[in-house]
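1. Give me coordinates for this.
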Amino acid sequence: MNKEEQEKVVKTLDSCVEKAKEIIKDPEEVKKVLAKTQTKIDNSPALIEEGGDKLASMLNLVKSCLIGEYTDASEDSLANIVGAFIYVTEEFDTVPDLIPVVGYEDDIKVLSCAAERASADLEAYDKWTEGKITV
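-> Numbers count the residues shown, from 1 in each chain. Next up, the predicted model:
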């Protein structure tokens, strides 16, 4: 990605982060964003293929914070992740998802930018989940 594309991705994510800062104050609104995001992922093999474990970690971090199970994530990280989810679920994002292959590239770039910004919290969350005993 060239510098101009990177700046566009950052600007796009920043505008969604502003919306997300308000949304993360309301658990019901966060649930709606998560549900829309999960539906989008379930219907978008390209997002699953490109997003993989990092996308799953982003979703799980927000879900764990929402239910109060995990409390160590910063508000900035949550706002960036939820902001990326808002962008991904918008009907009219920069490149319409109806365009095969190319339609998800912008979504993946925004998700990657959010994951990079939230990387410390995502790493800490992943370590925390590894330490949990599952039955």
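
2. you'd agree T89 is up against K36?
-> Yes. Using C-beta atoms under 8 Å, T89 is in contact with K36, at 4.1 Å. For glycine as for every other residue, the C-beta is placed from the backbone atoms N, C-alpha and C.

3. Compare neighbour counts for those two and give me the winner.
-> Taking neighbours as other C-beta atoms under 10 Å, T89 and K36 compare with T89 leading, 19 against 15.

4. Tell me which helix or strand the residue nearest the centre of the chain sits in.
-> Using C-alpha atoms, centre = their mean, the residue of the chain that lies closest to the mean C-alpha position is I81, 3.8 Å off. Per DSSP states H and E, I81 falls inside helix 75-89.

5. Alpha carbons only: can I get the next helix-or-strand element following that helix in PDB?
-> Moving toward the C-terminus from helix 75-89, the next helix or strand (DSSP H and E) is helix 105-117. Provided in PDB are the C-alpha atoms of helix 105-117 (Å, rounded to 0.1, in the frame of the first residue of the first chain):
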ATOM      1  CA  GLU A 105      -9.800  -5.000   0.000                       C
ATOM      2  CA  ASP A 106     -10.700  -1.700   1.600                       C
ATOM      3  CA  ASP A 107     -12.400  -3.500   4.500                       C
ATOM      4  CA  ILE A 108      -9.300  -5.600   5.000                       C
ATOM      5  CA  LYS A 109      -7.100  -2.500   5.000                       C
ATOM      6  CA  VAL A 110      -9.200  -0.800   7.600                       C
ATOM      7  CA  LEU A 111      -9.300  -3.900   9.800                       C
ATOM      8  CA  SER A 112      -5.600  -4.200   9.500                       C
ATOM      9  CA  CYS A 113      -5.000  -0.600  10.500                       C
ATOM     10  CA  ALA A 114      -7.300  -1.000  13.500                       C
ATOM     11  CA  ALA A 115      -5.500  -4.300  14.500                       C
ATOM     12  CA  GLU A 116      -2.100  -2.500  14.200                       C
ATOM     13  CA  ARG A 117      -3.300   0.400  16.400                       C
END
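
6. Tell me the buried residues in helix 105-117?
-> Residues of helix 105-117 classed as buried: 105-115, 117 (neighbour count, 16 or more other C-beta atoms under 10 Å).

7. just stretch 43-60 next, same as before
-> Buried residues in stretch 43-60, counting neighbours by 16+ other C-beta under 10 Å, are found at 44, 46-47, 50-51, 54-55, 57-60.
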